[in-house]
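1. below are the sequence and a predicted model; questions follow.
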Amino acid sequence: MKIALFGLPLTGKTTIFRSFAGFQSETTSRSKSEPNRAIVRIPDARLDKLEQIYKSRRKVHSTIEYLDMPNPIGSDRHPARFPENFMAELRTTDALAYVVRVFDSPSVPHIHGDVDFIRDIKEINTDLLLSDLAVAESALDKMGHRLKVDATTAFEMRSRQELLAKCKQALENETPLRALAWKDDELKHLRNYQFLSQKPFIVILNTGEKQNGNDVVARARQLFAHPQSVLVTAICGQLEMEISQLPAEEQILFLQEMGLQETALKRFIPQCFDLLGRMYFFTVGEDESRAWEIPKNSTALYAAGVIHTDLAQGFICAEVFRYEDLLALGGVPGKLKEAGKMRLEGKEYVVEDGDILTIRFNVSKSRK
Ligand SMILES: Nc1nc2c(ncn2[C@@H]2O[C@H](COP(=O)(O)OP(=O)(O)OP(=O)(O)O)[C@@H](O)[C@H]2O)c(=O)[nH]1
Ligand SMILES: [Mg+2]
């Protein structure tokens, strides 16, 4: 899962990125105009426990990649608008996280002269639609030209043309493409264009310590006539960054002192999983305990393929049990069968979040 943090200059993107990246992740950045990248290991108490129970030599977390987009340098006419090469980087991600400034600070200038998060959100909504509209129009132009010179591919082209025309119409009506219902084959074609308004959209309201997060979230939500695949959340960037720099034990104390349950990152990750329709399953053993990320409603066969293509090709069945059942049995895996908590499931079994799977597979079949 790759999520880009982007936004107007000096809105706190890097501050929030640092709070997410903390100590436990790798970050890279080659130059100022390149985004910072962090691969963040997703903390999960269930995985920690499974590692203990199975005395695994390795624990492999699922990861999430964050990009901290650089300060956008717009044209002279539109200094606050995002240039197309900047948008191109955004197109490669799974979700967009727009960081909006809500915090007040006389020492940090705002590109528009004053702080107004409503204005800034409206502006980005328009910018994304316009950027996609330009992509759709240019693709339609090219297609029209090709249809004139080569009639042999006309049928295939016409269906694509219709699809793009549908996008264009929606965009002109200020409807983001994520709000429309698409058929599977349409989605396949749409992938070629990497439309920004089709991606799940996150608004991170960077609030000051004394501001009421719930209030600004409620006001920001109202700006989305089509709330499908939109997440609005408030994070106090400065505070979260300070917390993330502390050693783990001190973090807990500090959070308690501030009256907070957990860090913004811990709150944010499950929200992203929900937004993107993702979940985990686990595999366990002496060798390693591991969390795997898959789309919700995936089958056991799909899960097997995520572990290794051999497992999907030679799939016989999946042994499945629940983490909660293992805990209820005192964390003794040997008791699962006897207690009737170990199930055998076939290819079509729909995996649930937190299932622990062992895939039985036929080696000779998988090698063919
Ligand atoms: N008071 C306050 N200041 C903040 C907060 N978040 C960021 N800042 C300050 O705002 C300034 C800009 O923060 P950055 O995180 O560098 O912002 P950015 O969006 O990455 O900036 P560019 O990459 O230059 O566009 C810094 O001086 C931060 O200390 C916050 O939550 N509260
Ligand atoms: Mg920055």
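-> Here it is on my side, so go on. Residues are numbered from 1 along each chain as shown. Ligands and ions are numbered 1, 2, ... in the order given.
2. would you map the strands across this protein?
-> In the chain, the segments counted as strands under DSSP state E are 2-6, 25-28, 36-41, 58-60, 63-68, 95-101, 201-206, 230-235, 278-283, 288-295, 315-322, 343-345, 355-361.
3. what's the first one in contact with?
-> What it means is strand 2-6. For strand 2-6, the external contacting residues (Cβ atoms under 8 Å, 6 or more residues apart in numbering) are 13, 16-17, 35, 64-69, 72, 82, 86, 89-90, 92-99, 202, 204, 272. From N, CA and C alone the C-beta is placed, and that goes for glycine too.
4. keep only those residues that also lie close to ligand 2.
-> When contact is defined as Cβ under 5 Å from the ion, these meet ligand 2 at residue 13.
5. what's the closest of the strands of the chain to residue 255?
-> strand 230-235 (13.8 Å; Cβ to Cβ).
6. can you list the domains in the protein?
-> For the chain, automatic domain parsing gives the domain ranges 2-50+61-115+198-275, 126-197, 297-367.
7. ligand 2 contacts on this protein?
-> Contact residues (Cβ under 5 Å from the ion) of the chain with ligand 2: 13, 14.
8. spell out which parts of the chain neighbour ligand 1.
-> Within the chain, the residues that sit near ligand 1 (Cβ under 6 Å from any ligand atom) are 9-15, 70-71, 103, 105, 108, 206, 208, 236-238.
9. whichever of the residues you listed end up buried, select them in PyMOL.
-> Buried residues among the residues of the chain next to ligand 1 (16 or more other Cβ atoms under 10 Å), as a PyMOL selection:
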select buried, resi 9+11+12+13+14+15+70+103+206+208+236+237+238
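10. surely residue 204 is in contact with residue 236?
-> No. The criterion here is Cβ atoms under 8 Å, and residue 204 misses it with residue 236 at 10.7 Å.
11. show the buried residues in the contacts of strand 2-6.
-> Buried among these (16+ other Cβ under 10 Å): 13, 16-17, 35, 64, 66-69, 72, 82, 86, 89-90, 93-99, 202, 204, 272.
12. give me the pLDDT value at the closest residue to ligand 2 within the stretch 251-368 of the chain.
-> Using Cβ to the ion, the closest approach of the stretch 251-368 of the chain to ligand 2 is made by residue 264 at 17.1 Å. On the pLDDT scale, residue 264 is placed at 89.
13. which residues touch it?
-> With Cβ under 8 Å, 6+ apart, residue 264 has these contacts: 16, 19, 20, 235, 236, 240.
14. same question for residue 329.
-> Counted by Cβ under 8 Å, 6+ apart, residue 329 has contacts 335, 336, 339, 341.
15. count of neighbours near residue 290?
-> As a burial measure, residue 290 scores 21 neighbours (other Cβ atoms under 10 Å).
16. do you know the pLDDT at the residue lying closest to it once chain neighbours are set aside?
-> Leaving aside its chain neighbours, residue 290 sits nearest to residue 60 (4.0 Å; criterion: Cβ to Cβ, 6 or more residues apart in numbering). If you check residue 60, the pLDDT there is 97.
17. worst-scoring helix or strand of this structure, pLDDT-wise?
-> In the chain, the helix or strand scored least confidently by mean pLDDT, DSSP states H and E is strand 25-28, which has a mean of 56.
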